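> Pasting a predicted model and its sequence here:
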Amino acid sequence: MARYKPVHTGLKLLAVDFERQVLPGSFEHALCHLVDHELDLQPFHARYQNDDHGAPAFNPAALLKIVLLAYSRGVIGSRKIEAACRENMLFIAVSGDSQPHFTTLAAFVSELGDTVAALFAQVLVVCDRQGLIGREMFAIDGVKLPSNASKAKSGTRKDYQRQVRKMEAAAQKIVDQHRQADTAPRDAAVAQREAKKLARLQKEAQQLRDWLDKNKTDRKGAKGKVRLSNRTDNESAKMATSKGVIQGYTGVAAVDEKAQIIVEAQAHGTGSEQELLLPVVTATDTYRNATTVIAADAGYHSHANVTALAERQIDACLPDNGYRKRDARYADQDRHKSKPDPLWDKSKPPKKTQCFTPAQFTLAADHSHCVCPEGKRLYRNGANCTINGYVAMKFAGAQQDCVPCTQRAACLRTPDKTKTRQVSFFQGRRVPNEHADQMKAKIDSDLGRQMITRRFATVEPVFGNLRGNKQLNRFTRRGKTKVDGQWKLYCLMHNIEKLAHHGYAVH
């Protein structure tokens, strides 16, 4: 029988040289060289005033190395990072056997604030010095991630006021029941359960009252519309994603095409991508030159954004939502859609139900309403809308008229799902936007189609690295400043990884 040398898998005492654990060319080697020799950490040192009094503090350089190394390994929780500093030899070597408590690590990330922006800029200087920023194209995109906030505690001031009234009414009902049952014997367990419920209702109602007193107005969007507030993190937003509705932030990044260096990173508490384009473009002014092209997807396209970029003479490629319909390459894209099963029904679908047309509705002379074929009024819910480039007035029926109507089947395509009928009257083509038309022509050209492909190949792998490889599936902080700092830390880590891949600090 063959004999083999023993393989030790348990505990063994070894003499370890920490410096030899950090191999040249690795991420941790680039990280240590960068923190020790390139970055200015004076703002961190200025926070400590324990020269003569107080206990020694953990070195900010060691804490920064620990956090960035953990993020590069897909570890985001403070407790897991603390365990790694005790058990993982690489973490022990990089941190110099510091072993900070998880509360120290969490506080360090939370208190970074604007300091991390200065570190991010310093790393970009190193990347530029290494020739990793080409300035030919900056691709912009964003990712919506949940944060440390409760989605259930979102609403407007009216919603919260209604909740307070319901809680106080429920609490008063319990109090009245207690008064009525004072003279009769009651089960002790039931009485204790009702007392706990009463205390909980009164506590939650008071918390809501305090929040309403502190926040006198609703949040407003870019166009003045009311946005949902959140009692756990009022700077976060409720956003719709492909995996459902989340409560969190949008992390936006501008990526240089040459080596996929992130030149700007911002986190915002809104899901509207159109609002985020210009702040990111403005932040990249330092690194852009006259020939740098800004590329983003259709979510960032708007007439206001296209006009603003044109007025600032910034070369950009912003496809609109209909660019695929105008591109012959996507003419048969529907055939790629998944079928319900291999033996899907090939019979022709039934023809759509013929409904009442707008011509059968009578528009009032003052344009305040219109009348349906059954003589019911539909009231205006949009006076100056744009539908496919045409100005339109929209009208909608009242539920009290439409729901009991006997002509629902002839008026609505899906009467079992739709409650009321809506009708639009077109007033002619809207005055064209010169810059938007120029952008459409640019996107439909061969160069524009090429830029769309280049944008995708530049920015999507970056988000794939952060979300897939580094396991960034949520923000662990609350508040825009803290979340923005954590997002910048992740993007900073990505840039250091790129430096390591290109041989930084090897010789």
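Thanks, I have it.

> helices and strands around the helix or strand hosting residue 165, which ones?
Assessed by DSSP states H and E, residue 165 sits inside helix 157-180. The contact analysis (3 or more Cβ pairs under 8 Å, 6 or more residues apart in numbering; DSSP states H and E) places helix 157-180 against helix 188-214. For glycine as for every other residue, the C-beta is placed from the backbone atoms N, C-alpha and C.

> Mind listing the strands the helix or strand following the helix it packs on pairs with, and their directions?
For helix 188-214, the succeeding helix or strand toward the C-terminus, using DSSP H and E, is strand 219-220. Strand pairing for strand 219-220, determined by DSSP bridges: strand 226-227 (antiparallel).

> helices or strands up against the helix or strand following the strand it pairs with?
Beyond strand 226-227 in the direction of the C-terminus, DSSP H and E gives the next helix or strand as strand 229-230. Contact partners of strand 229-230 among helices and strands, from 3+ Cβ pairs under 8 Å, 6+ apart: strand 154-155.

> okay but residue 160 is in contact with residue 210, surely?
No. With contacts counted by Cβ atoms under 8 Å, residue 160 stays clear of residue 210, the gap being 10.9 Å.

> Comparing those two, which shows the higher neighbour count?
The residue with more neighbours, out of residue 160 and residue 210, is residue 160; 19 against 11, by other Cβ atoms under 10 Å.

> List the contacts of that one.
Listed by Cβ atoms under 8 Å, 6 or more residues apart in numbering, the contact set of residue 160 reads 208, 211-212, 229, 231.

> in the stretch 51-200 of the chain, which spans are helices?
60-72, 78-87, 89-95, 102-110, 115-129, 157-180, 188-214 (DSSP state H, counting those that start in this stretch).

> Out of these, indicate the one that is most buried.
Stretch with highest mean neighbour count among the helices of the stretch 51-200 of the chain: helix 60-72 (a mean of 22; mean count of other Cβ atoms under 10 Å).

> report the angle between the axes of that one and helix 115-129?
Using axes from the mean of the first three to the mean of the last three Cα atoms, to 10 degrees, the direction of helix 60-72 lies 80 degrees away from that of helix 115-129.

> Run through the neighbouring helices and strands of helix 60-72.
Helix 60-72 packs on helix 27-37, helix 42-45, helix 78-87, helix 89-95, helix 102-110, helix 480-501, going by 3+ Cβ pairs under 8 Å, 6+ apart.

> Run the chain-centre distance for the third one.
Relative to its parent chain, helix 78-87 has a centroid offset of 28 Å by Cα atoms, centre = their mean, to the nearest Å.

> How far off centre is the helix holding residue 165?
Worked out by Cα atoms, centre = their mean, helix 157-180 lies 36 Å from the chain centre.

> Could you export that helix as PDB, keeping only the C-alpha atoms?
Extracted as PDB, the C-alpha positions of helix 157-180 are listed here (Å, rounded to 0.1, in the frame of the first residue of the first chain):
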ATOM      1  CA  ARG A 157     -47.400  63.000   6.300                       C
ATOM      2  CA  LYS A 158     -51.100  62.300   5.600                       C
ATOM      3  CA  ASP A 159     -50.300  58.600   5.800                       C
ATOM      4  CA  TYR A 160     -48.600  59.000   9.100                       C
ATOM      5  CA  GLN A 161     -51.300  61.200  10.500                       C
ATOM      6  CA  ARG A 162     -53.900  58.600   9.500                       C
ATOM      7  CA  GLN A 163     -51.800  55.800  11.200                       C
ATOM      8  CA  VAL A 164     -51.600  57.900  14.400                       C
ATOM      9  CA  ARG A 165     -55.400  58.300  14.500                       C
ATOM     10  CA  LYS A 166     -55.900  54.600  14.000                       C
ATOM     11  CA  MET A 167     -53.400  53.700  16.700                       C
ATOM     12  CA  GLU A 168     -54.900  56.200  19.200                       C
ATOM     13  CA  ALA A 169     -58.400  54.900  18.400                       C
ATOM     14  CA  ALA A 170     -57.300  51.300  19.000                       C
ATOM     15  CA  ALA A 171     -55.600  52.300  22.200                       C
ATOM     16  CA  GLN A 172     -58.700  54.200  23.400                       C
ATOM     17  CA  LYS A 173     -60.900  51.100  22.600                       C
ATOM     18  CA  ILE A 174     -58.700  48.900  24.800                       C
ATOM     19  CA  VAL A 175     -58.900  51.500  27.600                       C
ATOM     20  CA  ASP A 176     -62.700  51.600  27.300                       C
ATOM     21  CA  GLN A 177     -62.800  47.800  27.500                       C
ATOM     22  CA  HIS A 178     -60.700  47.800  30.700                       C
ATOM     23  CA  ARG A 179     -63.100  50.300  32.300                       C
ATOM     24  CA  GLN A 180     -66.100  48.300  31.400                       C
END
